[in-house]
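K.L.:
Fold the following.
(chains A and B)
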Amino acid sequence: MLSLQRVTKRFGAVTALDDVSFDVTPGRMTGFVGANGAGKTTTMRIVFGVAKADSGSVTWQGAPITLEQRAAFGYMPEERGLYPKMRLRDQLVFLARLHGLERSVAGPRAVAMLERLGLGDRVDATLDSLSLGNQQRVQIAAALLHDPVLLVLDEPFSGLDPVAVDTLAAVLRERCRAGAPVLFSSHQLDLVERLCDDLVIIDGGRVMAAGTADELRRRAGTGRYRVQVDVDAGWLRDVRSVEVLDLDGTRALVRVEDGDDGQELLATLLQRGPVREFRPDVPVLADVYREAVR
Amino acid sequence: MSGGQVRGGQTSVSTGPGHGGVPFAEAVRLVAGREVAVKLRDKGFLISTAVTLLIIVAAFVAPTLLAGGSDDYDLAVAGDEATAVATVLEDPDGPAAVEEISVTAVQAPGAAAAEALVTDGEADAALLSTGTGAAAQFELVVENEVPGPLQRVVADTVATSVGTARLVDAGVPQAEVAGLLSPPEVAQRFLDPAADQAVQARLLGVGFAVLFFFTALTFGLTIAQSVTEEKQNRVVELLVAMVPVRALLVGKVLGNVVLAVGQLVLLLAVAFLAASVMGQGDLLPLLAGSTGWFVAFFLLGFGMLACVWAATGAMAARVEDLGSTTLPVQMLVMLPFFAAVAVQPGTLRDVLSFVPFTAPVVMPQRLVAGDASWWEGLLALGSVAVTAAVLVVLAERLYRTSLLRTRTTKGLREAFAAAE
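P.N.:
Below you'll find the predicted structure:
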């Protein structure tokens, strides 16, 4: 398990990370969600020792991370970069060997990985001869080549076409199933929703919410109901103990107070006329996110 | 794929063989190997090396070829005495050999025909004669300029020929004529027999300084560029996450030392080969005696500068900024070079031969010239080694702190301040 405890990082007067704590659990995919500048990249850089925390700790299996352990991790930095003039196979083999793979293993592994990512015919091309999307695939190959025991990927899906997105998702699930914790950041909330078991929502350098996706959804959805009646539902605004989140003619999304099971609201609605729809609302990740950073 | 095992709800990922990084020495080897492999694929590097090789070969071969081309003379001949003189001139072991020329006689039916051959460019000159024996008159006809060696050889041969005839006419027996005409030997005596060798030693020393200068500058810049590129294209984030920064620095420096020495050995080997093939191998024995010193000073001196190059490369955020961040180390290469070339034997040179930055170029000069004894050489090597050790530590600190900064570090003061 990768664990961050009370990590704080300042750049001059700016506090980039403020008391950040969360876990990335083995065998589960964790989505790291936040606006630009929220602190996702800085957090990942600190995990890899590329940036240094001012206080707090990062641990792997309960102990501080050593360089040797880190070599078994897979990392995809925010700013992509490999050697532009090197051939794909050569640079993957170079990186794999620094990760500790034998030469005899590294070569075939590099080719297999490139084939899987649809670059099987480009193994001897130089990186700078590829399109940006394909360079991105090579970057993915570099992060995954050595069967990492932990994966930390900064925006791995950005710039990928739908086919590559599916391939990457499959590879990540595979690593996950093999027992590796996987942490990745993304702005594509639908993708995070589809893939992730756990979520960490960060805003302004602070963790606003962290936990399993189901739990967070449930928490965000508590007391939310979708309502449809025959007449204009505007009158709901005047009902005490009900908060109108969204109103569209005869439809409304409302929230009742904590501990309220909604039956009182239903009774009120029925007094006014027929009720066509009344159901608890299960929020999507976008709602969870909006709720968390509100 | 290394599979994960689930035990009692606790999942762990098997760390297969090879997982957990590489030993320091292996990391250094891998980084150095990459430097070498990339450079050997670099077309620019290969072409410039090939061009340098061609220039070296040309420098040795061209003078011989050019000289050989202009030293053959076709001489049109008219008249009996002229024909006799031409026969002597054609003898490859005769007077022509003294001037290192060869003469081919072209017999012409008369003076006008001989002149026509010169006018048409068929002959370089025409030798005409009238009369015989002591009364013979000679004329050397050329288009507009008499080649010096040809003129001297013709004049000497004519003088001998006419002189012989005059002596025979005066009654001297034929057998004594040659002895009377042979010029007296002028003995040579050298007051400073080592002067010639001193010039050669000086040339050799300057030659070494030039090689050191160019290697330190070109490969130094290569190191700095390679560091900046890794930083600029962010590979460095991947690298520092798995290998120690020191392994990166040492690997880069070692890789480039290997490349620099390799290129140098290749260039020198070709130069010596060309020199000995062309019969200019005089410098070889002198060089053979000092190779050890050259190699020792080169390796230590270049290694010392290479670390500084790497550190100043790490200070630049973009390759375009290298010019300013590497300025201090450029000075460290250039100033000693100009000092080494300009300084004359004396106290100043003796002092400079122990100063760490000038020692690698000045001390070998003194050693080759025999001005310094072996222990002075070792002392100078020691001063370079100590400085190198200090610089490696400082450079590593600069490298470590500058490597992950995304903007260019302005000046050494800021870099060291960040290192605190």
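
K.L.:
remind me, longest helix of the chain?
P.N.:
Answering for chain A, as no chain was given. When chain A is parsed with DSSP state H, its longest helix is helix A:162-177.

K.L.:
The chain in question should be chain B.
P.N.:
Max-length helix for chain B by DSSP H is helix B:195-232.

K.L.:
just checking, next helix/strand downstream of it?
P.N.:
helix B:235-240 (DSSP states H and E).

K.L.:
circling back: which other helices and strands does the next helix or strand after the longest helix of chain A contact?
P.N.:
Note on helix A:162-177: by DSSP H and E, the next helix or strand toward the C-terminus is strand A:182-185. With contacts taken as 3 or more CB pairs under 8 Å, 6 or more residues apart in numbering or on different chains; DSSP states H and E, strand A:182-185 sits against strand A:29-33, helix A:40-47, strand A:150-153, helix A:162-177. Quick note: C-beta positions are derived from backbone N, CA and C, even for glycine.

K.L.:
Could you say which of these is packed most deeply?
P.N.:
strand A:29-33 (a mean of 27; mean count of other CB atoms under 10 Å in any protein chain shown).

K.L.:
Each with direction, which strands does that strand pair with?
P.N.:
Strand A:29-33 has these partner strands in its sheet, going by DSSP bridges: strand A:182-185 (parallel), strand A:198-203 (parallel).

K.L.:
OK, now which residue of chain A is nearest to chain B?
P.N.:
A:Gly179 (2.2 Å; CB to the nearest CB).

K.L.:
Check the offset of stretch A:182-202 from the chain's centre.
P.N.:
Here the centre of stretch A:182-202 is set off from its chain's centre by 3 Å, with CA atoms, centre = their mean, to the nearest Å.

K.L.:
Now that stretch: buried residues?
P.N.:
The neighbour-count check on stretch A:182-202 (16 or more other CB atoms under 10 Å in any protein chain shown) flags A:182-186, A:188-189, A:191-193, A:195-196, A:198-202 as buried.

K.L.:
And for stretch A:200-210?
P.N.:
Neighbour-count burial for stretch A:200-210, counted by 16+ other CB under 10 Å, picks out A:200-203, A:205-210.

K.L.:
With just CA atoms, put it into PDB.
P.N.:
Presented in PDB, the C-alpha positions along stretch A:200-210 are these (Å, rounded to 0.1, in the frame of the first residue of the first chain):
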ATOM      1  CA  VAL A 200      -9.100  11.200  -4.100                       C
ATOM      2  CA  ILE A 201     -10.500  14.600  -4.700                       C
ATOM      3  CA  ILE A 202      -8.100  17.500  -4.300                       C
ATOM      4  CA  ASP A 203      -8.600  21.200  -4.500                       C
ATOM      5  CA  GLY A 204      -6.300  24.000  -3.600                       C
ATOM      6  CA  GLY A 205      -3.800  21.600  -2.200                       C
ATOM      7  CA  ARG A 206      -6.200  20.000   0.200                       C
ATOM      8  CA  VAL A 207      -7.900  16.600   0.000                       C
ATOM      9  CA  MET A 208     -11.600  17.400  -0.100                       C
ATOM     10  CA  ALA A 209     -12.800  13.800  -0.200                       C
ATOM     11  CA  ALA A 210     -11.100  10.400  -0.300                       C
END
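
K.L.:
Please identify which helix or strand holds B:Pro109.
P.N.:
Counting by DSSP H and E, no helix or strand carries B:Pro109.

K.L.:
Now for it, how many residues are close by?
P.N.:
8 (other CB atoms under 10 Å in any protein chain shown).

K.L.:
For the nearest residue to it once chain neighbours are set aside, which residues are in contact?
P.N.:
If the residues on either side of it in the chain are set aside, B:Pro109 comes closest to B:Ala78, at 7.4 Å by CB to CB, 6 or more residues apart in numbering or on different chains. For B:Ala78, the contact set (CB atoms under 8 Å, 6 or more residues apart in numbering or on different chains) comprises B:107-111, B:113-114, B:126-129.

K.L.:
which parts of the stretch 1-150 of chain A sit against chain B?
P.N.:
A:26-27, A:45, A:48-51, A:67-73, A:75, A:77, A:79-86, A:90, A:94-95, A:97-102, A:105, A:142, A:146-147, A:149-150 (CB under 8 Å from any CB of the partner chain).

K.L.:
give the contact list for the residue in the stretch 101-250 of chain B that chain A sits nearest to.
P.N.:
Closest residue of the stretch 101-250 of chain B to chain A, CB to the nearest CB: B:Arg234 (3.1 Å). By CB under 8 Å, 6+ apart, the residues touching B:Arg234 are A:77, A:79-81.

K.L.:
now B:Arg41
P.N.:
Contacts of B:Arg41 (CB under 8 Å, 6+ apart): A:Lys85.

K.L.:
just B:Leu404 next, same as before
P.N.:
B:Leu404 neighbours (CB under 8 Å, 6+ apart): A:50-51, B:236-237, B:240.

K.L.:
Can you list the low-confidence ranges for the chain?
P.N.:
Since you didn't name a chain, this refers to chain A. In the predicted model, chain A carries no residue with pLDDT under 70.

K.L.:
if you could check chain B rather than the one you did, that'd help
P.N.:
For chain B, the stretches with pLDDT under 70 are B:1-20, B:63-70, B:192-197, B:279-289, B:406-420.

K.L.:
Give the buried residues for stretch B:249-269.
P.N.:
Using 16+ other CB under 10 Å as the test for burial, stretch B:249-269 gives B:249-257, B:259-261, B:263-264, B:267-268.

K.L.:
Then stretch A:123-139?
P.N.:
Neighbour counts over stretch A:123-139 (16+ other CB under 10 Å) mark A:123, A:126-127, A:130, A:134-139 as buried.

K.L.:
do the same with stretch A:50-65
P.N.:
Of all the residues in stretch A:50-65, those buried under the rule 16+ other CB under 10 Å are A:50-51, A:53, A:56, A:58, A:60, A:65.

K.L.:
Show me where the stretch 151-294 of chain A has its helices.
P.N.:
A:162-177, A:189-195, A:213-221, A:263-272, A:285-293 (DSSP state H, counting those that start in this stretch).

K.L.:
Check which helices and strands the helix or strand hosting B:Ala271 is in contact with.
P.N.:
When elements are assigned from DSSP H and E, B:Ala271 belongs to helix B:245-277. If you count contacts as 3+ CB pairs under 8 Å, 6+ apart, helix B:245-277 packs onto helix B:24-41, helix B:43-70, helix B:195-232, helix B:235-240, helix B:283-315, helix B:374-403.

K.L.:
Right, I'll leave it there.
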